[in-house]
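[1] got a predicted structure plus its sequence, pasted below:
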Amino acid sequence: MSGFGISGTTDYSALFSSLSTNNSGSASSGSNILADYASIRNGSYAKLAKSYYGKSTNSRAAAAEKAEAEKEKKIELSSTKNVSSKLSEAATALDDKALFENKITVKDKDGNETTDYDREKISKLVNNFVDSYNAMVKNGGDSTDNSVLRSSLTMVNTTKVNEGLLGKVGISIGEDNTLSVDEDALKKADVGTLKTLFSGHSSYGSNIQSSASTIQRAAQSGLGTLSGYTAGAVSTQNVDTGSLFSSFT
């Protein structure tokens with residue numbers, strides 16, 4: 001508009017008042033304009049927009065937090081499932097009657113033959129069991145899953161109950177509940193005691209295998225609840241800013 005300028009000292013109230021008085025039939029409209037203008041001046045629009053975007057930002061932050069927590073849980077449970085599976089396999093490998101019954105013929109350095117159990121194989125399997133057990137103790141102790149924790153505690157208690165028999169074959173329990181092997185004692189151990197420990201229903205090895213399987217199922221169950229999520233995924237809402245501000249006009 002020619003001749004119509006707005007300076008830094010323009011009296012906006014007077015301006016909008018003139019608009020309303022120029023048309024007596026539009027007094028209500030002029031009042032609405034003044035109300036809108038006042039809300040802009042006192043920051044109501046800005047506060048509303050800030051509140052909306054604040055909630056949207058908080059929602060995205062919460063979604064990101066949840067996704068990160070889900071990712072960490074998935075890593076934890078996947079590790080538990082893997083470790084418990086290895087322990088179950090190690091215990092099953094020792095539950096072999098033939099391992100403690102069949103004898104092999106061996107020659108010493110002078111060529112003399114003797115018949116004995118395959119102590120080298122037994123020692124290898126026992127050490128594998130101990131390594132797998134220790135990995136499960138550490139994993140279970142760090143778990144945030146109650147089912148895994150309970151089953152890990154059951155496993156540790158089962159081992160403590162059998163501490164006497166384990167000691168007879170060279171296996172001792174540490175202060176951190178992990179096991180250690182005295183190789184010399186293991187190689188000289190009575191095979192009947194080893195068989196009692198690791199072979200047959202209700203044996204120590206069988207009970208540990210049962211605990212490992214329970215832990216594995218608990219980990220799998222926990223992972224099942226996370227199946228709707230992918231590692232690193234973040235749920236976000238698309239904000240239609242056009243619709244947002246059009247609601248203000």
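    Great, that's in hand. Numbering: from 1, shown residues only.

[2] switch to C-alpha atoms for all contacts and neighbour counts from now on
    Noted.

[3] all helices for the protein, in order.
    With DSSP state H applied, the chain shows helices at 12-22, 27-41, 44-94, 97-101, 119-142, 146-161, 163-168, 183-188, 191-198, 204-224, 241-246, listed in chain order.

[4] which of those helices is buried the deepest?
    helix 204-224 (a mean of 21; mean count of other C-alpha atoms under 10 Å).

[5] who's in contact with it?
    When contacts are defined by C-alpha atoms under 8 Å, 6 or more residues apart in numbering, helix 204-224 is touched by residues 74, 77-78, 80-82, 84-85, 87-89, 91-92, 94-95, 147-148, 151-152, 154-155, 158-159, 162, 196-200.

[6] residues of stretch 170-181 that come out buried?
    Gly170, Ile171, Ser172, Ile173, Asn177, Thr178, Leu179, Val181 (16 or more other C-alpha atoms under 10 Å).

[7] that stretch - what's its average pLDDT?
    Over the span of stretch 170-181, the pLDDT mean works out to 98.

[8] that one: end-to-end distance?
    6 Å (C-alpha to C-alpha, to the nearest Å).

[9] list the contacts of it.
    Here stretch 170-181 has contacts from 127, 130, 133-134, 137, 156, 160, 163, 166, 182-186, 189, using C-alpha under 8 Å, 6+ apart.

[10] before we move on, back to that, going by mean pLDDT, which of the helices of the chain comes out lowest?
    helix 241-246 (a mean of 33).

[11] next one: Lys86 from Gly111, what distance?
    39 Å.

[12] er, Leu166 actually
    34 Å.

[13] what do you get for Leu179?
    From Leu179 to Gly111 the distance is 37 Å (C-alpha to C-alpha).

[14] correct me, but Leu226 touches Ile75?
    No - assessed by C-alpha atoms under 8 Å, Leu226 is found out of contact with Ile75, at 10.9 Å.

[15] which stretch among the helices of the chain comes nearest Lys107?
    Across the helices of the chain, Lys107 has its closest neighbour in helix 119-142 (13.7 Å, C-alpha to C-alpha).

[16] who's in contact with the residue lying closest to Glu120 once chain neighbours are set aside?
    In space, and not counting its chain neighbours, Glu120 is closest to Lys187: 7.9 Å by C-alpha to C-alpha, 6 or more residues apart in numbering. Neighbour list for Lys187: Arg119, Glu120, Ser123 [criterion: C-alpha under 8 Å, 6+ apart].

[17] what sits against the last one?
    Looking back up the chat, that one is Ser123. Ser123 neighbours (C-alpha under 8 Å, 6+ apart): Glu183, Leu186, Lys187.

[18] quick check, nearest of those to Ala63?
    Glu183 (52.5 Å).

[19] quickly note the distance from that closest one to Gly167.
    12 Å.
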